[in-house]
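Peer 1: sharing a sequence plus its predicted fold:
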Amino acid sequence: MIKTFQIQTDQGVRLDQWLSQKFPEESRNYWQKKVKNKEILVNNKKSKSHYILKIGDEVTLKLETQSSTLTGEKIPLDIVFEDENYAIINKPAGLVVHPGAGHKDHTLVHGLIYHFGKSLSESSGSNRPGIVHRLDKDTSGLLVIAKNNQTHRNLSQQFEAKTVKKTYQALIEGTLQPEKGSIEAPLNRSKINRQKISISTRKGSRYALTHYEVKKYFQSPFKASLLQVRIETGRTHQIRVHFESIGHPVIADQTYGHPKTNKISDTLGLKRQFLHATELKFISPTTQKQVHYKSPLSPDLADFLENLS
C-alpha cells in the first residue's frame, strides 16, 4: 500500500503522534516501528518518529500489502448508489465499520466483502477494503465506499482538502443558543480514559471545526435542540465531544451524555446516540461532477422525535 497525505492543519505535531491519531486502530509503537523501517517517509525522505510536522509536508506510507484473511458475511446492506468506482452505503447503528480490537467479525467490511467481493480498494490495508472514512458504531447514515485504488486516492484527496461536505442531524440536550454558530476546539485522546476524546490544547491535539444550525426546540420530557450539523474536519467523536464540551451532549450518548437524560431516553425506546449522517457532497470520481446524496432519519430516531413535544 502506498498512500500520501499532505499536512494542511496539523503542524507542530510529532510524526508518530499524527500517525496514531489518524489511524487509531494501530498503536503509537506500531507506527514508530514503521518509521524506523523506512515504511513512512516525509517529503520522500527517511524520517524520525519525533519529527515535527510542518504545513506542506507530505507523509507517504509505503506499507507492505498483506493478503486479507477476512471472509464475507451475509450482512444486509442499504446501498443508496453504486457505479463501477464507488458505492454509497446507509450504515445502520450498531454496526462497526471495520475490524479492530474487540470487533473481529460482523463488521461493515465483512458485509462489503460478501456483496462486492474483490471489487474493493486496498489502499487502507487488508482489514479495511473499500473504507475511505468512518462513522462511530452507534452513529447511522451515509458512507462512501471505494471500489478501486484510483477512486480511493481521489476520494481521500477530497477528504484531505476538506472539500467533501458532510452533514448530520443531531439531537442535543438543552436549549442551544445562539441558534446558529460554530465550535472550534482541538481534540485529543483523554489522558484519563483512552477510549474517550477530550478538548485539549496539549501538544499533538488536532484542529477541529463544527458548524450547527438549530432546526427545532423541544420542551418535554426534557429540553432538547434538533440540529443540522456540518463538520469541516472529521476527527474521532468530533460532534459528540464538541457539544458535550459546551454543556449540550448528544441525547442518549452513553459515553459523553448525562445519565439522567439517557435513562429517560431509554424508557422512550432510544438505545443509542441521536446522531445520523444525512448528507454527503463531493466530486464524483466517475463523472467529475458534484454529487449529492441524502438519507432520511433512521426509524428509531424518527420514532423517538414523535415522543417529544
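Peer 2: Done, it's in.
Peer 1: ok, which stretches of the chain are helices?
Peer 2: Secondary structure of the chain, counting by DSSP state H: helices at 15-22, 28-36, 108-116, 149-160, 238-245, 259-267, 299-306.
Peer 1: put the alpha carbons of the fourth one into PDB.
Peer 2: Taking C-alpha atoms only, helix 149-160 is exported to PDB below (Å, rounded to 0.1, in the frame of the first residue of the first chain):
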ATOM      1  CA  ASN A 149      -7.400   2.200  -5.600                       C
ATOM      2  CA  GLN A 150      -7.600   5.000  -8.000                       C
ATOM      3  CA  THR A 151     -11.000   6.000  -6.700                       C
ATOM      4  CA  HIS A 152      -9.800   5.700  -3.200                       C
ATOM      5  CA  ARG A 153      -7.000   8.100  -3.800                       C
ATOM      6  CA  ASN A 154      -9.400  10.500  -5.500                       C
ATOM      7  CA  LEU A 155     -11.800  10.500  -2.600                       C
ATOM      8  CA  SER A 156      -9.100  10.600   0.100                       C
ATOM      9  CA  GLN A 157      -7.600  13.700  -1.600                       C
ATOM     10  CA  GLN A 158     -11.100  15.300  -1.400                       C
ATOM     11  CA  PHE A 159     -11.400  14.500   2.300                       C
ATOM     12  CA  GLU A 160      -7.900  15.800   2.900                       C
END
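Peer 1: who does it touch, helix- and strand-wise?
Peer 2: strand 2-6, strand 140-146, strand 275-283 (3 or more CB pairs under 8 Å, 6 or more residues apart in numbering; DSSP states H and E). For every residue, glycine as well, the C-beta is placed using N, CA and C.
Peer 1: now it, how far from the chain's geometric center?
Peer 2: Helix 149-160 sits 15 Å away from the centroid of its parent chain (CA atoms, centre = their mean, to the nearest Å).
Peer 1: now that helix: average pLDDT?
Peer 2: Averaging pLDDT along helix 149-160 gives 90.
Peer 1: so which bits of that helix are buried?
Peer 2: Judged by neighbour count using 16 or more other CB atoms under 10 Å, the buried positions of helix 149-160 are 149, 151-156, 158-159.
Peer 1: of the residues you listed, which is the nearest to Gln8?
Peer 2: Phe159 (11.1 Å; CB to CB).
Peer 1: give the contact list for that closest one.
Peer 2: If you count contacts by CB atoms under 8 Å, 6 or more residues apart in numbering, Phe159 has them with 132-133, 234.
Peer 1: same question for Leu95.
Peer 2: 75, 106-108, 111, 137.
Peer 1: shouldn't Ser121 be in contact with Leu112?
Peer 2: No. Counting by CB atoms under 8 Å, Ser121 does not reach Leu112; the two are 10.5 Å apart.
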